[in-house]
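In: only geometry, no sequence info:
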């Protein structure tokens, strides 16, 4: 029994740190583990790259997902602020985003934030 308990503890210690995040920081750069993005959200991911990366560095977005904080405002990056940013982008003509675009990107960002917090 004692050996089984020790073995389970060791396995948990090994397994828990191996939980992969969606956003991974490599040195000073961020990367996305696209294998963590569900198939039904892959188009949302492409849309985010196309629309958001036009004006924002991808690192800016990924940093907010990773840390939970928007660097430029020090606001918490969560579902509420994601929706607020989506509305802000709708009002900016230069964003060229439709309501559908904002919904898709918001859904993806909320998913990524939730996965990152696991």
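Out: Received, thanks. Since the model is a prediction, treat every value here as computed from it, not as a measurement.
In: in the protein, which spans are helices?
Out: Taking DSSP state H as the test, the helices found in the chain are 2-15, 42-51, 58-67, 79-91, 99-117.
In: closest one to residue 28 among these?
Out: helix 58-67 (8.3 Å; C-beta to C-beta). In this view, the C-beta of every residue, glycine as well, is placed from N, C-alpha and C.
In: tell me which other helices or strands the closest one touches.
Out: strand 23-26, strand 29-32, helix 99-117 (3 or more C-beta pairs under 8 Å, 6 or more residues apart in numbering; DSSP states H and E).
In: for the longest one, list every residue counted as buried.
Out: The reference is to helix 99-117. 101-102, 104-106, 108-113, 115-116 (16 or more other C-beta atoms under 10 Å).
In: how about stretch 70-77?
Out: The neighbour-count check on stretch 70-77 (16+ other C-beta under 10 Å) flags 70, 77 as buried.
In: pull the residues that contact it.
Out: 60, 63-65, 67-69, 81, 113 (C-beta atoms under 8 Å, 6 or more residues apart in numbering).
In: ends of it, what's the gap?
Out: 6 Å (C-alpha to C-alpha, to the nearest Å).
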